[in-house]
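[1] turn this into a model:
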Amino acid sequence: VAEFYRGPAQHTNGYYQCQSLILLNLLVGNCGWKGGWSAGGGHFHEFGGKAANPYNFADLHPGKLTAFGPPVTRERMRYEDTSLFDGEHYDAQRPWYPFTSNVYQEVIPAAGAEYPYNIGCLFLHKGTPVMSCPAGHKQIEILRDPKKVPLFIASDITVAETSMFADYIIPDLSIWERWGTPHITPAMLTTVSKIRQPVAAPTTEIVEVDGDPLPICMETFLIAVAKRLGLSGFGKDAFGPGQHFDRPEEFYLKAVANIASGDKVDEDGQPIHAAPEADDDEIELFVRTRRHLPPAVFDEAKWRRAVGGDESLWRRVVTVLNRGGHFEDWVHRYDGEKQAHPYTGNFNFYVEPVATQRDSMTGESYDGLPKLEPVRDARGNVLDDGPEYPFLLSTYKDILGGQSRTSPADGWLTEIFGDEHGNRVLMNRRDADRLGVKHGDRVKITSPTLPDGRFQITDGQERELTGLVHVMEGMRPGTVSICWSFGHWAYGSDDLEIDGQPVRGEPSRARGINPNPLLREDTSIGNVCLTDPIGGSASYYDTRVNIQRI
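    All right, here's what the predicted structure looks like:
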């Protein structure tokens, strides 16, 4: 099997690279077989629509508003289908992405360019694109311009690298305090649904909303706004008699009820893959293990009401919550020598929808087959940064550092990581010898995006990208690699004043280096990183850098 994930994908030619790897699996015929290519076992459908689901979320808000027109990121829509296309010229101001969604890196740059329109409000939740996107620091100037972003509301657990520019920050809950139904990766061959649920008392303030105590969080805020606007599906009896939608768990517990019921039913209409009903001992365990949570978080009567008061359904929900999810038995991953949940769609060597689509910037047709392509910008220009930047930079996530959010625990992680300076620049020994660099030396890193190795955060505050070298044999000569989730310049690393009160920062959160500002900006359109025009992936692996010993 040819296995892959973000490594081949996060390039300007990532789509073609991943398509070629899928074709390798097709050529040897391993798809659907034990040990072969798999789309995974999938998940139980939390938002309904399946036969066994007690709640179909699509029906819970009959008067809900619906989106219209193209997203500001111009995804899932063809340039040719808009009034901006004159029927002949492919000269869009910025790229359109008809085959993908979640072009995260383009949200704020598109707002800055006011293309295809200007925005009235930016709402940010569980993200910090200024730090996490390649060349994300280029978005700072846009966020500071009230003409480009008239209103910026962020929901965050701290004042972070992006939310620091918000007009309003709504305090949010950490992962130990909140609800969620994150999906699993295709590596799981059985049907699995995970449940994130509150296990700790909220650190945010508890407020009363219509006489009901609630922790301040993103969901509490949005429900309150919806009720103030008089939107359907919110408030008392929103989901029917006795079915309120005033609290976050009144949404999430219905999702858990769907998960607990499974998806399919038998000939008598009974769920086939439902979780077992919790007995009285398990109900008692469920209540006892949540007794440390305040009534604003755990109220058994309100939780029961959220699933409609059905005793059988409630006991299935308790079983799923006690186990942290609903898990198909692992013995069902295979059916003999084949996968029990094989991909049932068509495999296409030649992808006709891609082949018949043109690039909105250049007018060139995409290819239905994989092909070898150099690194290009959005206007099709081949990028070759030459001998001035001799090293190819790669980034990765260390096993001890997930995304940008593990620094609050870095007192523990630093001890394991074993380096008070944070992450290091990994370099092959031969390259280090040639540069006269020794293990532990400090180096300055520059790139076409940061030719002086510095970027400005706010007036009078800038950051220089330097780090310590880790000399090793395990790197390919001519490449260097830097893990990220280090090098914060906000997120509690700096001193702040909130409501006139000083809040001291923790300098250890600023330790190390964040490589993302080095990554290649697409200067042909500006303020955004290089992006795959078909798959929409941000380019994390197409940047060349120079290393100088300090």
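
[2] for the residue lying closest to residue 302 once chain neighbours are set aside, helix, strand, or coil?
    Closest residue in space to residue 302, ignoring its immediate chain neighbours: residue 247 at 6.8 Å, by CB to CB, 6 or more residues apart in numbering. Heads up, the C-betas are built off the backbone N, CA and C, glycines and all. State at residue 247, reduced to three classes by DSSP: H, G, I helix; E, B strand; the rest coil: coil.

[3] just use 32 as the starting number from now, easier for me
    Understood, numbering begins at 32; the last thing we discussed is residue 278.

[4] ok, residue 278 touching residue 258?
    No. Contact criterion CB atoms under 8 Å: residue 278 and residue 258 do not qualify, at 11.5 Å.

[5] and those two? Which one has more around it.
    Between residue 278 and residue 258, residue 278 has the larger neighbour count (other CB atoms under 10 Å), namely 24 against 17.

[6] quick one: the strands in the stretch 482-581 of the chain?
    485-489, 492-495, 497-503, 510-515, 527-529, 532-534, 574-580 (DSSP state E, counting those that start in this stretch).

[7] show me where the stretch 132-281 of the chain has helices.
    In the stretch 132-281 of the chain, helices defined by DSSP state H, counting those that start in this stretch lie at 138-144, 160-163, 171-174, 249-260, 280-292, listed in chain order.

[8] these into CSV, with extra columns for distance to residue 549?
    Listed next are the helices of the stretch 132-281 of the chain as CSV, based on distance: least, CB to CB, whole Å:
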stretch, distance to residue 549
helix 138-144, 18
helix 160-163, 13
helix 171-174, 16
helix 249-260, 32
helix 280-292, 39
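
[9] just put these in a markdown table and tack on distance to residue 234 and mean pLDDT.
    Formatted as a markdown table, those follow (distance: least, CB to CB, whole Å; pLDDT from 0 to 100):
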| stretch | distance to residue 234 | mean pLDDT |
| --- | --- | --- |
| helix 138-144 | 28 | 98 |
| helix 160-163 | 22 | 95 |
| helix 171-174 | 26 | 97 |
| helix 249-260 | 14 | 93 |
| helix 280-292 | 18 | 97 |
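
[10] for residue 462, find the nearest of the ones you listed.
    Nearest to residue 462 among the helices of the stretch 132-281 of the chain is helix 160-163 (27.8 Å), distances taken as CB to CB.

[11] packing partners of that closest one?
    Applying 3 or more CB pairs under 8 Å, 6 or more residues apart in numbering; DSSP states H and E, one finds that helix 160-163 contacts no other helix or strand.

[12] can you list contacts of that helix?
    135-136, 138-139, 167-168, 170-171, 174, 191-193, 196, 434-435, 519, 522, 545, 547 (CB atoms under 8 Å, 6 or more residues apart in numbering).

[13] give me the buried entries from the residues you listed.
    136, 138-139, 167-168, 170-171, 174, 191-193, 196, 435, 519, 522, 545, 547 (16 or more other CB atoms under 10 Å).

[14] what's across from residue 154 in the sheet?
    Per DSSP bridges, the residues bridged to residue 154 are residue 184.

[15] distance of it relative to residue 329?
    28 Å (CB to CB, to the nearest Å).

[16] with residue 46 instead?
    Relative to residue 329, residue 46 is positioned 46 Å away (CB to CB).

[17] higher neighbour count, those two?
    residue 46 (25 against 19).

[18] how about the helix or strand where the more buried one lies: buried residues?
    Using DSSP states H and E, residue 46 falls within helix 45-59. When burial is assessed from 16+ other CB under 10 Å, helix 45-59 yields the following buried residues: 45, 46, 47, 48, 49, 50, 51, 52, 53, 54, 56.

[19] show the subsequent helix or strand relative to that helix.
    helix 88-91.

[20] give me the mean pLDDT for that following helix.
    Helix 88-91 shows a mean pLDDT of 88.

[21] ok, now stretch 565-581?
    Averaging pLDDT along stretch 565-581 gives 97.

[22] gap between the nearest residue to residue 61 once chain neighbours are set aside and residue 243?
    Distances taken as CB to CB, 6+ apart put residue 67 closest to residue 61, at 3.0 Å, once the chain neighbours are dropped. Separation of residue 67 from residue 243 (CB to CB): 52 Å.

[23] those two: which has the busier surroundings?
    More crowded of residue 67 and residue 243, by other CB under 10 Å: residue 67, with 17 against 14.

[24] what sits against that one?
    Counting by CB under 8 Å, 6+ apart, residue 67 has contacts 32, 56, 61, 370.

[25] ok, which pair from those residues is furthest apart?
    The span of the contacts of residue 67, defined through CB to CB, is set by 56 and 370 at 12.7 Å.

[26] quick check: next helix or strand after the lowest-mean-pLDDT helix or strand in the chain?
    Lowest on mean pLDDT, DSSP states H and E among the helices and strands of the chain sits helix 441-448, with a mean of 64. Per DSSP H and E, the first helix or strand lying C-terminal to helix 441-448 is strand 456-459.

[27] can you tell me the strand partners of that next one and which way each runs?
    strand 497-503 (parallel), strand 510-515 (antiparallel).

[28] quick one: contacts of the shortest one?
    In this case it means strand 510-515. By CB under 8 Å, 6+ apart, the residues outside strand 510-515 that reach it are 422-429, 432, 435, 454-459, 462, 476, 498, 506, 544-547, 576, 578.

[29] buried ones among the residues you listed?
    So, by 16+ other CB under 10 Å, the buried ones in those are 422-427, 432, 435, 454-459, 462, 476, 498, 506, 544-547, 576, 578.
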